[in-house]
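*Asks:* predicted coordinates and the sequence they were generated for:
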Amino acid sequence: MLERLNLALNHLEACLDREVDMAETARVAAVSEYHFRRLFSALAGMPLPVYVRRRRMTLAAAEVLARELTLLDVAVRYGYSSGEAFARAFRSVHGIGPGEARRTGAVLTTQPRMSFRVVVEGSTSMRYRIVKKEPFRIVGRKARVPLVHEGINAVAAAYVESLDAHAIKRMKELAGREPEGILSAAVYLTDSREEGVEADYWIGVATGPEVAAEELDALDVPAGTWAVFDNHGPYPSALQELWRDVFTQWFPSNPYVSRPGPELLLTRPVEIGAETDSQLWIPVERSSASAGV
């Protein structure tokens, strides 16, 4: 898969002087656009549109400094219909406008061209199973929280602490589907996985699709396939490392891609650094390149 991803990046690079067709770029990688955006964000540490804008403005900066074209000509070359729109994009990357950049000694920012490669960091194996589930419902409570890559998510922790005993009791009474027990679910609002982006964070239980609890919120989850990862390690660092490894190691080496849906987590919160068992559920489907294998 890494070879296909690098071919997609080559394709993207050739399109920087015009509007980039993300769906076509994903087809070069032989994955869905949804998975390509998610995988790129996890591997690169930034959303795909941000990388495209930074690369485009890196190339545009070289044109600006060369002084061979007018600023409007540079803007048009890189797909901007007006000098004002180009100046805004240029300033968002370099911190100064293109006119200022032509002055001697201007400090600009470059975004190097990316490529992906395998780096062997250890020999830890990942334990997983593939589960097919009928439609189900998550019944519980939700809040909007920021994404935190390392350490405790203070906003999410405060939200869990704020849940009343009656709500928890009612959730436990309604539980009846795998994954069993009180779980958390993350529903991402964009394809970005940058630190600080917001997601809907659920605390609830899996029930049948017909179950209703008027005092609780409900999230309907369609039928689909899930990759289920078992994990044991210090809380919460082991979980955060597992999520990273799923997208940077497991997906590139397995015939599956991510699909829309909530990511589910079963765990027992303990003191920071204490060992605990957890289970991570990621919605997946067979990749189109391997569907006939």
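*Replies:* It's in.

*Asks:* CA atoms for contacts and neighbours, from now on please.
*Replies:* Noted.

*Asks:* residues in contact with the top helix by length along the chain?
*Replies:* Longest helix in the chain, counting residues (DSSP state H): helix 48-66. Identification of contacts with helix 48-66 by Cα atoms under 8 Å, 6 or more residues apart in numbering yields 16-17, 37, 40-41, 69-71, 74-75, 78, 89-90, 93, 98, 101-102, 108-113.

*Asks:* one more: stretch 76-88?
*Replies:* Stretch 76-88 is contacted by residues 16, 17, 18, 19, 56, 60, 71, 72, 75, 97, 98 when judged by Cα under 8 Å, 6+ apart.

*Asks:* just the buried ones out of the contacts of helix 48-66, please.
*Replies:* 16-17, 37, 40-41, 71, 74-75, 78, 89-90, 93, 98, 101 (16 or more other Cα atoms under 10 Å).

*Asks:* put the alpha carbons of whichever strand or helix holds residue 171 into PDB.
*Replies:* If you go by DSSP states H and E, residue 171 is part of helix 165-174. Extracted C-alpha coordinates of helix 165-174, given in PDB (Å, rounded to 0.1, in the frame of the first residue of the first chain):
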ATOM      1  CA  ALA A 165     -25.400   7.800  38.600                       C
ATOM      2  CA  HIS A 166     -28.900   7.400  37.200                       C
ATOM      3  CA  ALA A 167     -27.700   7.700  33.600                       C
ATOM      4  CA  ILE A 168     -24.900   5.200  34.200                       C
ATOM      5  CA  LYS A 169     -27.400   2.800  35.800                       C
ATOM      6  CA  ARG A 170     -29.800   3.100  32.900                       C
ATOM      7  CA  MET A 171     -27.000   2.400  30.400                       C
ATOM      8  CA  LYS A 172     -26.100  -0.800  32.200                       C
ATOM      9  CA  GLU A 173     -29.700  -1.900  32.100                       C
ATOM     10  CA  LEU A 174     -29.900  -1.400  28.400                       C
END
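
*Asks:* how about that helix: buried residues?
*Replies:* Quick answer for helix 165-174 (16+ other Cα under 10 Å): 168, 170, 171, 172, 174.

*Asks:* tell me what that helix is packed against?
*Replies:* Secondary-structure packing of helix 165-174 (3 or more Cα pairs under 8 Å, 6 or more residues apart in numbering; DSSP states H and E): strand 136-146, strand 198-207.

*Asks:* swap the cut-off to 7 Å and go again
*Replies:* Here helix 165-174 touches strand 198-207, going by 3 or more Cα pairs under 7 Å, 6 or more residues apart in numbering; DSSP states H and E.

*Asks:* strands of this protein, residue ranges please.
*Replies:* Applying DSSP state E to the chain gives strands spanning 127-133, 136-146, 183-188, 198-207, 217-221, 224-234, 256-258, 263-267, 275-286.

*Asks:* list the contacts of the first one.
*Replies:* The list of residues contacting strand 127-133 from outside it, by Cα atoms under 7 Å, 6 or more residues apart in numbering, reads 223, 224, 225, 226, 227, 228, 229, 230.

*Asks:* ChimeraX command for the buried members of the residues you listed?
*Replies:* Command for ChimeraX that selects the buried part of the contacts of strand 127-133, burial taken from 16+ other Cα under 10 Å:
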select :224,225,226,227,228,229,230
